[in-house]
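Asks: 3D model of this:
(chains A and B)
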Amino acid sequence: MLNYLLRRILLTIPLALGVVFIVTISFDLIPGDPAALILGEFATPAAVAELRTSLGLDRPLLVRYVAYVGDILQGDLGRSIRDRRAVTAILGETFPYTIQLALAAIILVLAVGIPLGVLAASRPGSWIDNVIRVASLAGLSMPVFWTGLVFIVIFSVNLRWFPVSGTGTWRHLVLPAVTLALPSIAVVARMTRATVLDVLREDFIRTARAKGIGESSLLYKHTLRNALIPVVTVLGLQLGQMLGGAVLTETVFAWPGVGRLTVFAIFNRDFVLMQGLVLVLAMVYVVVNLLVDLSYGLIDPRVAYS
Amino acid sequence: MTSRVFAVFLFVAVLSTGIVYAQKTLTIVRPTDPVSLDPQLETTAPGSWVFSQILEPLITVNQDMEIEARLATSWEFIDPTRLRFTLRQDVTFHDGTPFNAEAVAFTWNRAFNNDPPGRWKALAGPVSGVEVVDEYTVDIVASQPYGPMLLTVTMPYTGVVSPTAVEAMGDDAFSRAPVGTGPFKFVEWRANDRIVIEANDDYWRGRPALDRVVFRTVPEEGARMLSLRTGEADMVLMPTPSDLPALEADPDFIVEGAPGVGVFYLAFNLDRPVVNDVRVRQAIAHAIDRELIAEAILEGGGVLATSVIGEPVFGYKDMELLERYPYDPERAIELLEEAGYTRGTDGLMRDAGGEILRLDALPSNGRSLKDREIAEVLQEFLRQVGIEVELHVFEWATTFSLMRGETLDYDLNSFTWFTTTADADYTMYSNYVSTELPPASWNRWRYANADVDEWLKAARASLDMDERAELYGKVQDQLAIDLPAIPLYGSYEVAVLSADVTGFVAHPIQYILDLFPVDKP
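Replies: Below you'll find the predicted structure:
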């Protein structure tokens, strides 16, 4: 187990190096000079050249890459070329908002998506199954910028239950979290339904039922646990995506998270901020995936880490 | 009994403290967060709206474009390159530092001498810095006689910073929490969420009526307008134009606007042989229904442009484009035929060699109001007279670097130009003097007219404002004939307010937001 963990953690190093390299190259390939953008529409070319030098943009790509990797090893992600703040400070300010929103949404997904899926699977073909299937299809199909605005009109403008946008209280969190969670709830409910139905057809369930185990115990203890591995995999992917920043949800609800920061970094050609962002997001994915892999062992004791 | 009286007393006391401490908070929503709150790094409107509440210049221009005193009491040219200001003696910065000539010199020389220099240095022309004369007198100095000098000093970027605060905090921390002499003090900035400023009790013009102002960032335009309806916001900056007619009719809201100093235009690249022919440019001017664009597409978010500079700008003269080039597709076709093109059965113009008259356009996209829609409408207008236009659409960063390139491989481009200093020199000199070519400067049309060069140079060097205005008038008359660019619409600076907000007047210069006289019940 410890060996396994260590190996997984060591494997992230080449991954991180690769990710940083790709970001460095891609900012070199896309047109648009960061220095010209910083100095704005009326700068002289001499000033632009000067700024390119002071940003280190005149150095060859590989030199920049090696220097950046050296900085990362010292815990320094550089300074945003746009507002000159330390990238670590910007990320430290932005990530808590994203984590808050992602956790609230994933809790909703767990609390609503899995029970809905089990409920649908327990009565396949019934009206309740049909309602859940249609509703989840709708949840998947509606774009978040649309559901977000509809929620604002209903719950903020007409009912006045929640603020239109912004941060501050738990009431600010409700609408964005629900909006962000909806498609994931739908995915998880459909996934849970499918896998629970599969497990219900297995021999050991028939045996358990023959032994006279109660339906609810059969469903939640014997079936769900066995059906959970694919569901957890999907949940991990969803959480990874949410932690990567929900650009549309954040935009509609003016939520100051990582998604909007990413868009800002791209449009301003803030390659230093972008490098830091991509690096941290890649690490977030690695950690979430690792947690998912480790949870397999908890769900199914037969899974061995060797 | 006594306990009941006491309870009532307590109740009233609690109520009255509630009333006493009720804060007048004005919440403003706008689409983007500033990059920085230091004019060294930030010259766009979202930044200036905030820092100009905190940092004050020596003089400013009011909504009628008249110069008003701020930190200076009087000013005069003591020679053509030297403008002397007498400063107020009763002002202190928010951190208690006394305001004096040293602070002014510190602010200006910081922008001019730092590495890299302040972003606004490039806007100041030949102005080279500030010299201290005595504790309350400074000279702003230029390397050559500079007519626009006075208006340059009014730019909000020249707001004076507290030298002790900059030194104590360092440039980076100061750019997130500036300290000045203005009517409001900085409180907090949560990136992409909100910036809070509060009344400066010791402000030299008296305490502002508002206690606090909260600038919130709401990127989605629907959500922005809805937060006004729910009362979460008192003011929306950069509102959605299509919402304006409904809001104007609604007694709960005030729509407050002023024609601005920006002009959106269609520009020609005179290095390209086809549009180098003035008849082709004139034909295109006749082919475009500019009034229709202003009415049908802008939805009140802009005004029909009457010159290459905005009406509030010093030196403006109506170019009489509607009289010179009325919308007349027939006349456009005639002009193209005079220029040697013939119209085929497919409606397209062809040159003598049988080549279709095709123009490459580099339109502004997502940068100016409705720029993408306007590009498509222009394409259609030109097709009507037989000109085929290919639109090369990129996101702004790419378009911008292409526009600034040494060579420009497009016949047409479009762009909004703001005369930031409100002086014609700022736009005219860099755009129309024949030697001001990109990438060093902004003559993107490669326009060359010896008379215009001479007039613009004379207007820059002269301190006689009447003489300058006359010279700029001559330039605009000439541009109406040579037509290197067709002005399409002028910016309209508009804010929507909740009806109970009083004292707000929109400013023609988009960078200036005057919150000092604003109040709400």
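Asks: Show me where the chain dips below the pLDDT cut-off.
Replies: The chain I'm using is chain A. Low-confidence segments of chain A (pLDDT under 70): A:40-44, A:306.
Asks: Chain B is the one I meant
Replies: Looking at chain B by pLDDT under 70, you get B:1-22.
Asks: how does it divide up, domain by domain?
Replies: Residue ranges for the domains of chain B, per automatic domain parsing: B:54-170, B:259-492.
Asks: Establish whether the first one and chain A are in contact.
Replies: Spelled out, it's domain B:54-170. Yes: using CB under 8 Å from any CB of the partner chain, domain B:54-170 reaches chain A at B:Asp115, B:Pro116, B:Pro117, B:Arg119, B:Ala122, B:Leu123. To be clear about C-beta, it is placed using only N, CA and C from the backbone, and glycine gets the same treatment.
Asks: Pull the contacting residues for B:Ala287.
Replies: Shown in contact with B:Ala287 (CB atoms under 8 Å, 6 or more residues apart in numbering or on different chains): B:Tyr327, B:Pro329, B:Ala332, B:Phe381, B:Leu382, B:Gln384, B:Val385, B:Ile387.
Asks: Output the helix or strand the fourth one falls within as PDB - backbone C-alpha positions only.
Replies: Okay, so that is B:Phe381. Using DSSP states H and E, B:Phe381 maps to helix B:371-384. What follows is helix B:371-384, C-alpha atoms only, in PDB (Å, rounded to 0.1, in the frame of the first residue of the first chain):
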ATOM      1  CA  ASP B 371     -18.300  45.500 -33.600                       C
ATOM      2  CA  ARG B 372     -18.900  42.000 -34.900                       C
ATOM      3  CA  GLU B 373     -22.400  42.800 -36.000                       C
ATOM      4  CA  ILE B 374     -21.300  46.000 -37.600                       C
ATOM      5  CA  ALA B 375     -18.600  44.100 -39.600                       C
ATOM      6  CA  GLU B 376     -21.200  41.800 -41.000                       C
ATOM      7  CA  VAL B 377     -23.600  44.700 -41.900                       C
ATOM      8  CA  LEU B 378     -20.700  46.500 -43.600                       C
ATOM      9  CA  GLN B 379     -19.900  43.400 -45.600                       C
ATOM     10  CA  GLU B 380     -23.600  43.300 -46.700                       C
ATOM     11  CA  PHE B 381     -23.600  47.000 -47.600                       C
ATOM     12  CA  LEU B 382     -20.500  46.600 -49.800                       C
ATOM     13  CA  ARG B 383     -21.900  43.500 -51.400                       C
ATOM     14  CA  GLN B 384     -24.900  45.600 -52.500                       C
END
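Asks: by contact count, what packs against it?
Replies: In terms of contact count using 3 or more CB pairs under 8 Å, 6 or more residues apart in numbering or on different chains; DSSP states H and E, helix B:371-384 is assigned the packing partners strand B:253-268, helix B:278-287, strand B:358-362, strand B:388-391, strand B:412-418.
Asks: what inclination does that helix have with respect to strand B:412-418?
Replies: Between the axes of helix B:371-384 and strand B:412-418, defined by axes from the mean of the first three to the mean of the last three CA atoms, to 10 degrees, the angle is 140 degrees.
Asks: how far out from the middle of the chain is helix B:371-384?
Replies: A distance of 25 Å separates the centroid of the chain from that of helix B:371-384, by CA atoms, centre = their mean, to the nearest Å.
Asks: Return the set of buried residues in that helix.
Replies: Across helix B:371-384, burial judged by 16 or more other CB atoms under 10 Å in any protein chain shown covers B:Asp371, B:Arg372, B:Ile374, B:Ala375, B:Val377, B:Leu378, B:Gln379, B:Phe381, B:Leu382.
Asks: Test my guess that the third one contacts B:Ser414.
Replies: Yes: the pair B:Ile374 and B:Ser414 qualifies as a contact (CB atoms under 8 Å) at a distance of 7.1 Å.
Asks: hey, what's in contact with both of the two?
Replies: The contact lists of B:Ile374 and B:Ser414 share B:Phe264, B:Pro363, B:Leu488, where a contact means CB under 8 Å, 6+ apart.
Asks: need those in CSV with distance to B:Thr342 and neighbour count, can you?
Replies: As requested, these are exported to CSV (distance: CB to CB, whole Å; neighbours: other CB atoms under 10 Å in any protein chain shown):
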residue, distance to B:Thr342, neighbour count
B:Phe264, 33, 24
B:Pro363, 28, 25
B:Leu488, 29, 26
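Asks: Which strand or helix spans B:Tyr489?
Replies: Assigned by DSSP H and E, B:Tyr489 falls in strand B:485-498.
Asks: likewise A:Leu62?
Replies: Element membership for A:Leu62 (DSSP H and E) is helix A:61-73.
Asks: One more: A:Gly297?
Replies: Assigned by DSSP H and E, A:Gly297 belongs to helix A:271-299.
Asks: can you state the direction angle for that helix and helix A:61-73?
Replies: Using the same axes, to 10 degrees: helix A:271-299 against helix A:61-73 is 50 degrees.
Asks: Can you list the buried residues in helix A:271-299?
Replies: When neighbours are counted by 16+ other CB under 10 Å, the buried residues of helix A:271-299 are found to be A:271-282, A:284-286, A:288-290, A:292-293, A:295-296, A:299.
Asks: Over to stretch B:267-279?
Replies: Buried residues in stretch B:267-279 (16+ other CB under 10 Å): B:Ala267, B:Phe268, B:Asn269, B:Leu270, B:Arg272, B:Val274, B:Val275, B:Asp277, B:Val278, B:Arg279.
Asks: Find the residue closest to the fifth one in space, skipping its chain neighbours.
Replies: It refers to B:Arg272. Of all residues not flanking B:Arg272 in the chain, B:Asp411 sits nearest, at 4.7 Å (CB to CB, 6 or more residues apart in numbering or on different chains).
Asks: tally of neighbours for that neighbour?
Replies: When neighbours are defined as other CB atoms under 10 Å in any protein chain shown, B:Asp411 has 25 of them.
Asks: quick one, what contacts it?
Replies: By CB under 8 Å, 6+ apart, B:Asp411 lies in contact with B:Phe268, B:Asn269, B:Arg272, B:Val274, B:Val275, B:Leu359, B:Asp360, B:Ala361.
Asks: give me phi/psi at it?
Replies: Backbone torsions for B:Asp411, taken as degrees, to the nearest 10, come to phi -80, psi -40.
Asks: One more: B:Ile309?
Replies: phi -120, psi 160.
Asks: ok, it to B:Gly490 distance?
Replies: For B:Ile309, the distance to B:Gly490 equals 9 Å [CB to CB, to the nearest Å].
Asks: shared neighbours of the two, anything?
Replies: Residues touching both B:Ile309 and B:Gly490 (CB under 8 Å, 6+ apart) are B:Val263.
Asks: out of these two, which sits in the more crowded spot?
Replies: B:Ile309 (31 against 27).
Asks: got the contact list for that one?
Replies: Counting by CB under 8 Å, 6+ apart, B:Ile309 makes contact with B:Val261, B:Val263, B:Gly315, B:Tyr316, B:Thr419, B:Ala424, B:Thr427, B:Met428, B:Gln476.
Asks: same thing with A:Leu235?
Replies: Counting by CB under 8 Å, 6+ apart, A:Leu235 makes contact with A:Ile106, A:Val109, A:Leu110, A:Val188, A:Val292.
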